[in-house]
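Q: model the structure of this input:
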Amino acid sequence: METTNYQLSFFGKGGDFFKIKIVNIIFSICTLGLYYPWAKAKTLSYLYSHTSFEDQPFAFTGTGKEMFKGFIKALLFLAIIFSVIFVGVLQHRPLIVLAGYILLLLILPIAIHGAYKYRMAKTTWRGIRFGYLGDRAELAKLFFTGIFLTIITLGIYGAWFQIKLRKYVISHIKIGNASFNYKGEGAEYFFINLGGYLLSIVTLGIYFFWWRKNLFEYYVNNLEITQGDKKWISNRL
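A: Numbers count the residues shown, from 1 in each chain. Sure, this is the predicted structure:
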């Protein structure tokens, strides 16, 4: 297979991302959280528009109004689930509480699957639309295995779990006849998060936005693209 370097890069700045997130936080607080879909749309729009492949930026065409519908559905599901948990706590019935938490876990892979289908359908490059072809059952199996291993390792496996989840999702993203692969490693991701967490504490949370920028940059720089007998890898790998 012929391998060549591509220019896939993220050129956003922590300071700019900081401004967007601060405005989003203020608006979300003032609207009691209802602004969240618009905040998410603005965040994705910034991240995608500052990520380029061969000097051509991506575009996210989703809107807060579209995402608001899914957001309301999610709120209703969460309200029902936490009502079940609350009733279980009041009546001192641990099985009801446990059932509530299990139900919460069950909807998470469904939410992830749906979110990627929407996000990829709203992502374009040079006018070409992406698509996500993952299987919900496979994703759920991977998700619950990762949750179990994360719990028994007291959270340490979390970084490896996130990388495996991302590898699955990325490998099922298509654009035209090209497919993707993700080369990130759990250990690298773990130390990026550890450093970001510690620096965020030291800076009283200010470094958090640069931490998020670094994570997205790591994500972008570890993508591979395959088309037929050709493979493109980041020149930063």
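
Q: quick check: pLDDT value at the residue lying farthest from the centre of the chain.
A: Distance from the C-alpha centroid of the chain, by Cα atoms, centre = their mean, peaks at Q91 (36.6 Å). Note on Q91: pLDDT of 78.

Q: and F60, by the same measure?
A: In this model, F60 carries a pLDDT of 94.

Q: quick one: contacts for I175?
A: I175 is in contact with W125, I128, R129, F130, G131, counting by Cβ atoms under 8 Å, 6 or more residues apart in numbering. Every C-beta, even on glycine, is put in place using the N, C-alpha and C of the backbone.

Q: from K230, how far off is it?
A: Separation of I175 from K230 (Cβ to Cβ, to the nearest Å): 14 Å.

Q: following the helix or strand hosting K19, which helix or strand shows up next?
A: Under the criterion of DSSP states H and E, K19 resides in helix 14-30. Proceeding C-terminally, helix 14-30 gives way to helix 36-49 as the next helix or strand, assigned by DSSP H and E.

Q: what mean pLDDT does the helix or strand following that next one have?
A: Downstream of helix 36-49, the next assigned helix or strand under DSSP H and E is strand 51-53. Over the span of strand 51-53, the pLDDT mean works out to 82.

Q: same for the helix or strand just after strand 51-53, what does it pack against?
A: Downstream of strand 51-53, the first helix or strand assigned by DSSP H and E is strand 56-60. If you count contacts as 3 or more Cβ pairs under 8 Å, 6 or more residues apart in numbering; DSSP states H and E, strand 56-60 packs onto helix 36-49, strand 51-53, strand 123-125.

Q: point out where the protein drops to low pLDDT.
A: Counting by pLDDT under 70, the chain shows low-confidence ranges at 1-8, 232-237.

Q: one more time with 80, if that's ok
A: By pLDDT under 80, the low-scoring segments of the chain are 1-12, 14, 53-55, 91-92, 176, 220, 227-237.

Q: now the helices for it?
A: For the chain, helices defined by DSSP state H occupy the ranges 14-30, 36-49, 64-90, 94-121, 136-152, 158-171, 186-202, 208-220.

Q: next, the angle helix 36-49 makes with the last one.
A: In this structure, helix 208-220 runs at an angle of 50 degrees to helix 36-49, with axes from the mean of the first three to the mean of the last three Cα atoms, to 10 degrees as the basis.

Q: then the first one?
A: On the basis of the same axes, to 10 degrees, helix 14-30 is oriented at 170 degrees to helix 36-49.

Q: ok, residues contacting helix 14-30?
A: 34-36, 38-39, 42-43, 46, 206, 209-210, 212-213.

Q: thinking again about what came up before, name the residues of the helix holding K19 that are buried.
A: G14, F17, F18, I20, K21, N24, S28 (16 or more other Cβ atoms under 10 Å).

Q: hang on, the earlier thing: TSV for the helices of the chain, including distance to T226?
A: What follows is the helices of the chain, written out as TSV (distance: least, Cβ to Cβ, whole Å):
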stretch	distance to T226
helix 14-30	30
helix 36-49	21
helix 64-90	30
helix 94-121	17
helix 136-152	20
helix 158-171	10
helix 186-202	22
helix 208-220	17
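
Q: and the ones you listed: which comes nearest F180?
A: F180 lies closest, by Cβ to Cβ, to one member of these: helix 158-171, at 4.9 Å.

Q: report the two of the contacts of helix 14-30 separated the most.
A: L34 and W210 (28.0 Å).
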